[in-house]
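> Sequence plus the predicted model coming up.
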Amino acid sequence: MPELVTVLDGLAFPEGPRWHDGRLWFSDQHDRRVVATDADGKSETVVDVPEQPSGLGWLPDGTLLVVSMLDRKLMRYDGSALALHADLSALAPAPCNDMVVDARGRAYVGNFGYDMFGGGEYRTTNLVAVDPDGRAWEAADDLAFPNGCVVTPNGRTLIVGESAGARLVAFDIEDDGTLTNRREWAQLQPLGATADGICLDAEGAVWVACPYSNRVLRVAEGGQLLEEVAVDSGVFACALGGEDGRTLFMCSAATFDPTMTKEMRSGRIVATEVSVGAA
């Protein structure tokens, strides 16, 4: 198995990693802050997000977009202050989570679908699109806990991990952002896995964080297992980055229970080198 190194530890619950401008950015969700760190673990808090941050992305002008989970909003940060980009509360029925932002600045945001921590009854949910001007609309429905998501380099395909469905699904992206031609991209159940955060490499394979089996799997379209990395605790998200794009960063923690994470401080960013770089 590949050698792992710890980049940063003592975190509450790291999620939503993205490599951007030479650093790894992620949400320390239960500490309610966005953090950026270099590959040596020198980190800073970029911005505090009171209602709990999750997915991250950037508009074409470099403005940071942050999912604010509990109030179901998409915020933007220009380097000085948080401002509302879009209110998703009329569209997303439950806390929002992961997000991808395409090259045009259009965001696709998932949500839990139900009150997971409050004992709510499970139900499928939707994916919300937010145009660069902040207009929000429903892009897809009947998803089984949409979570990690990526857009292919040509901007034409969206891949979404369905945590409760143990699969990756794909959509064609039309010029106006509409999602069509929904299809199963990879079934993960035969691999004993489900999908949390995901990232895409230059050969079109997807790395999938599998929190319940403490693994990150590299999967080809159709479901073939290409590689795997084992970690000694739950892995909730991953991102490819580093100078050559070949460092696989993983967000790990002993638990995702928000009543325990801040006290335990088991959250870590761990990393390993892989053979194929980022898309």
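All right, it came through fine.
> Low-confidence regions, the stretch 1-150 of the chain specifically.
Across the stretch 1-150 of the chain, the ranges flagged by pLDDT under 70 are 1.
> Show me the beta-bridge partners of residue 27.
residue 15, residue 34 (DSSP bridges).
> and it, what is it in contact with?
14, 15, 16, 33, 34, 35, 49, 53, 54, 55, 56, 66 (CB atoms under 8 Å, 6 or more residues apart in numbering). Just so you know, the C-beta spots here come from the backbone N, C-alpha and C atoms, and that holds for glycine as well.
> Separate out the buried members of those residues.
Taking 16 or more other CB atoms under 10 Å as the criterion, what is buried in those is 14, 15, 16, 33, 34, 35, 49, 53, 54, 55, 56, 66.
> Export the contacts of residue 27 as CSV, with columns for distance to residue 272.
What follows is those, written out as CSV (distance: CB to CB, whole Å):
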residue, distance to residue 272
14, 16
15, 19
16, 19
33, 26
34, 24
35, 20
49, 29
53, 25
54, 24
55, 23
56, 22
66, 27
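> hang on, isn't residue 24 packed against residue 36?
Yes: between residue 24 and residue 36 there is a contact at 7.0 Å, judged by CB atoms under 8 Å.
> Which one of the two is surrounded by more residues?
residue 24 (26 against 20; other CB atoms under 10 Å).
> Provide the secondary structure category for that one.
Assigned with DSSP: H, G, I helix; E, B strand; the rest coil, residue 24 falls in the strand class.
> Let the chain start at 2 from now.
Sure, I'll start counting at 2 from here, so that last one is residue 25.
> quick one: contacts for it?
8, 18, 19, 37, 38, 39, 40, 240, 242, 250, 270.
> Please indicate which of the residues you listed has the highest neighbour count?
Neighbour-wise, those (other CB under 10 Å) top out at residue 240, 28 neighbours.
> So which of the contacts of residue 25 belong to helices?
Counting by DSSP state H, none of the members of those fall within helices.
> So which of the residues you listed are in strands?
8, 18, 19, 37, 38, 240, 242, 250, 270 (DSSP state E).
> How are the helices of the stretch 102-251 of the chain distributed by residue range?
For the stretch 102-251 of the chain, none of the segments meets the definition of helices by DSSP state H, counting those that start in this stretch.
> Now stretch 209-222: buried residues?
Within stretch 209-222, judged by 16+ other CB under 10 Å, the buried ones are 209, 210, 211, 212, 214, 216, 217, 218, 219, 220, 222.
> For the second one, list the residues it contacts.
This means residue 210. 149, 196, 197, 198, 199, 217, 236, 237, 238, 239, 251, 252.
> Identify the bridge partners of it.
Where residue 210 sits in a bridge, its partners, by DSSP bridges, are residue 217.
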